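with the input below, show me the fold.
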Amino acid sequence: MRTIKLTTGAPLTLDGDLLSVLETLYLEISAKHELQSTFEDMAREIQHIIGQMSDDDRRHYLSESLFLNIVSYENERLSAYVKKLTKK
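Coordinates of the predicted model:
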């Protein structure tokens, strides 16, 4: 486990937990700027984080991200299907 820094100076511990990365990004980029940050602001910060990661870190977090996204996608599809069924 190691710690890197966001451009704001906030520490980010790379412990394999994608949700802690997302929470830190939200707090430091979105919440501290009262939700006025732009897509570009967030994209720059993500690139900054990725630039500090090792190849192993990047592989791990990509795998976690894809897993989280497929679960979210499946849930959205299932929700749409259930709504369609209940409207009949």
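
doesn't F67 lie inside a helix?
Yes - counting by DSSP: H, G, I helix; E, B strand; the rest coil, F67 is located in a helix.

read off the pLDDT value for it.
Listed pLDDT for F67 reads 96.

same check, this time on V82
At V82, pLDDT is 94.

ok, it - how many residues close by?
10 (other C-beta atoms under 10 Å). In this view, the C-beta of every residue, glycine as well, is placed from N, C-alpha and C.

which helix or strand contains it?
Element membership for V82, per DSSP states H and E: helix 55-86.

which helices and strands sit right next to that helix?
Helices and strands touching helix 55-86, by 3 or more C-beta pairs under 8 Å, 6 or more residues apart in numbering; DSSP states H and E, are helix 18-25.

quick one, the helix it packs on and helix 55-86 angle?
90 degrees (axes from the mean of the first three to the mean of the last three C-alpha atoms, to 10 degrees).

could you give the mean pLDDT of helix 18-25?
Mean pLDDT, helix 18-25: 96.

C-terminal to that helix, what's the next element?
Next along the chain after helix 18-25, taking DSSP H and E as the criterion, comes helix 39-52.

low-confidence regions, the chain specifically.
For the chain, the stretches with pLDDT under 70 are 88.

buried sites along the helix holding V82?
Residues D57, Y61, E64 are the ones in helix 55-86 that count as buried (16 or more other C-beta atoms under 10 Å).

quick one: contacts for the residue lying closest to the second one once chain neighbours are set aside?
So that's Y61. Spatial nearest neighbour of Y61, chain neighbours left out: L18 (6.0 Å); criterion: C-beta to C-beta, 6 or more residues apart in numbering. Contacts for L18 were tallied using C-beta atoms under 8 Å, 6 or more residues apart in numbering; they are Y61, E64, S65, L68.
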